[in-house]
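1. What follows is a predicted protein model with its sequence.
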Amino acid sequence: MPIPASLKFFTFAPYFKRKAMTPDKKVYDSILQTIGNTPLVRLNKVTASLPCPVYAKVEYFNPGNSIKDRMAIKMLDVAEEQGLIKPGGTIIEGTSGNTGMGLALGAIARGYKCIFTTTDKQSKEKVDILKAFGAEVIVCPTDVEPEDPRSYYSVSARLAREIPNSWYVNQYDNLANRDAHYEQTGPEIWEQTEGKITHLVVATGTGGTLTGTGKYLKEQNPDIQVWAIDSYGSLLTKWHRTGELDMNEVHSYITEGIGEDFLPKNYIREVADHFEQVTDKDGAVMARKITKDEGIFVGYSAGSAIAGLHQLKDRLKPTDLVVVIFHDHGSRYVGKVYNDEWMLDRGFLDVETVRDLLGGLGRRRLVTIDEDAKVSQAIDLMKKYDIEQIPVMRDGEITGSVTQVGLFKRMIDNYEVKDFNVADVMDAPLPVVELSLRLDRLGNFINKENGAVLAKDDSGQYHILTKYDIINALSK
Ligand code: PMP
């Protein structure tokens with residue numbers, strides 16, 4: 001929908017400077033000058049089934065590896081202009097991620113301290129990265145109400161009151177957030193597409209990227225469609241459709257950086273033409289696909305944006321030109337979206353082969369026993385590790401197996417078996433299966449007699465797959 005005339009000139013003044021942030025030169029005086037002017041890259045495979053070309057604005061080329069560098073520095077500029085923070089002051093924000101990185105970069109370049117509050121839900125890596133950039137990070141409990149004095153909102157608000165010359169950023173309601181995108185992201189996309197863009201697709205959280213970029217582009221061409229990508233569990237989509245802030249829409253979800261349980265002030269309802277919700281699974285699976293198929297190592301919300309675009313593909317025609325924002329870098333998600341075990345635990349990966357199954361099990365030590373060991377030692381190992389079968393080895397080769405079923409049969413007849421050598425009572429080795437074997441074929445190997453199989457990974461290490469592992473993986 002076109003922007004009503006009444007909305008044309010407002011909020012973005014007086015900080016409006018329509019100039020790209022990066023100066024046109026080969027060397028830079030500070031890392032901050034490398035923010036912006038990110039590449040627009042054509043997607044070749046993940047959008048091949050769509051009728052028109054799709055380009056990604058790859059924002060991880062910013063020095064903090066995300067689009068948030070743009071708004072972090074803009075918010076700091078405005079705070080300095082307004083005298084909200086003075087040299088040597090302290091920047092305070094509730095963040096664990098991308099905004100924190102941008103603010104930390106700004107603090108280094110301009111000599112401020114940073115204190116970030118975050119929740120214990122966030123990964124340790126994220127906290128450590130912010131600390132590496134000199135920020136102090138206070139980890140607060142997740143499971144408390146926002147009003148609780150221990151919550152990360154309350155702690156950051158209290159710090160801002162108590163610490164002299166401190167500035168509480170509040171990216172949600174700080175309108176310099178959307179201004180950054182109105183001044184930089186929007187004009188860059190307009191220039192890079194030579195005004196041919198017809199659709200902008202943006203995964204949205206605080207609303208800064210969506211509103212600032214979308215508003216600028218619509219002012220150039222009111223026919224441009226702006227599509228926001230939201231998460232299930234967020235109230236933004238219903239708000240856009242009905243104007244209502246419905247807390248019944250709100251439930252917890254896994255996707256990071258998008259969706260909200262309240263309405264940040266950075267939103268202008270008229271800027272977006274459509275809001276589309278995407279599941280945690282579809283976003284995560286698509287992020288991995290973008291990385292694998294395009295060689296663009298993207299974060300979670302880029303996956304959501306492309307998955308959402310696929311959901312809307314019937315609305316596109318061959319003459320369209322779509323630009324999708326890729327907000328951040330995949331390195332932030334190596335312990336999550338890019339970790340097979342994490343994906344399998346959440347039922348996000350379809351387990352089809354032995355290789356898929358192994359990927360989801362993580363690192364497990366294979367417990368083995370030597371042929372010359374005593375049966376009593378094998379029994380001790382079974383007790384210690386709570387396992388039912390143990391491969392038997394001689395000179396690094398698997399030569400047989402001891403199983404609870406086999407030992408039980410033998411010990412019923414002769415209790416002395418426990419003092420025998422393993423070699424005297426062992427059964428045949430567990431079957432070794434190929435990594436490419438489909439799970440529905442595993443039934444040929446795992447049965448009443450055989451509770452497990454072995455598989456060799458790409459590095460030649462053996463792994464054991466038990467009945468329980470398979471049931472567990474298939475029941476997710
Ligand atoms: N994706 C990621 C990874 C983010 O960190 C954010 C910021 N919350 C967004 C998307 C949404 O951007 P915005 O806050 O500008 O709406």
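-> Cool, the structure landed.
2. which residues sit in contact with the residue nearest the centre of the chain?
-> For the chain, the residue nearest the mean C-alpha position is residue 300 (3.6 Å; CA atoms, centre = their mean). Contacts for residue 300 (CB atoms under 8 Å, 6 or more residues apart in numbering) come out as 255, 256, 257, 283, 284, 287, 333, 336, 337. The C-beta positions use only the backbone N, C-alpha and C, and glycine is treated the same way.
3. List, one by one, the residues from the stretch 301-450 of the chain near the ligand.
-> 301, 327, 328 (CB under 6 Å from any ligand atom).
4. Helix, strand or coil: sort out the residue of the stretch 151-300 of the chain found nearest the ligand for me.
-> Using CB to the nearest ligand atom, the closest approach of the stretch 151-300 of the chain to the ligand is made by residue 257 at 2.6 Å. Secondary structure, DSSP: H, G, I helix; E, B strand; the rest coil: residue 257 is coil.
5. Quick check: it touching residue 205?
-> Yes - Residue 257 lies in contact with residue 205 (CB atoms under 8 Å); the separation is 5.3 Å.
6. what residues are shared contacts of those two?
-> Shared contacts of residue 257 and residue 205, defined by CB under 8 Å, 6+ apart, comprise residue 301.
7. Among the two, which residue is more densely surrounded?
-> Neighbours were counted for residue 257 and for residue 205 using other CB atoms under 10 Å; residue 205 has more, 27 against 23.
8. How about that one, nearest residue that isn't a chain neighbour?
-> Leaving aside its chain neighbours, residue 205 sits nearest to residue 258 (4.8 Å; criterion: CB to CB, 6 or more residues apart in numbering).
9. quick one: contacts for that neighbour?
-> The neighbours of residue 258, taking CB under 8 Å, 6+ apart as the test, are 203, 204, 205, 229, 230, 231, 234, 301, 304.
10. ok, now which ones touch the closest residue to the ligand within the stretch 1-150 of the chain?
-> Closest residue of the stretch 1-150 of the chain to the ligand, CB to the nearest ligand atom: residue 98 (4.1 Å). Listed by CB under 8 Å, 6+ apart, the contact set of residue 98 reads 64, 65, 66, 67, 68, 257, 327, 328, 332.
11. mind checking which helix or strand the residue nearest to the first one when sequence neighbours are not counted is in?
-> Just to be clear, that refers to residue 64. Setting aside the residues directly before and after it, residue 64 is nearest to residue 101 in space (CB to CB, 6+ apart), at 3.6 Å. Element membership for residue 101 (DSSP states H and E) is helix 98-110.
12. Output the helix or strand of the chain with the lowest mean pLDDT as PDB, nothing but the C-alphas.
-> Sorting the helices and strands of the chain by mean pLDDT, DSSP states H and E puts helix 467-474 at the bottom, at a mean of 77. Presented in PDB, the C-alpha positions along helix 467-474 are these (Å, rounded to 0.1, in the frame of the first residue of the first chain):
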ATOM      1  CA  LYS A 467      17.800 -49.800  18.900                       C
ATOM      2  CA  TYR A 468      17.200 -47.000  21.400                       C
ATOM      3  CA  ASP A 469      19.200 -44.400  19.300                       C
ATOM      4  CA  ILE A 470      17.100 -45.300  16.300                       C
ATOM      5  CA  ILE A 471      13.700 -45.200  18.100                       C
ATOM      6  CA  ASN A 472      14.700 -41.900  19.700                       C
ATOM      7  CA  ALA A 473      15.700 -40.300  16.400                       C
ATOM      8  CA  LEU A 474      12.600 -41.500  14.500                       C
END
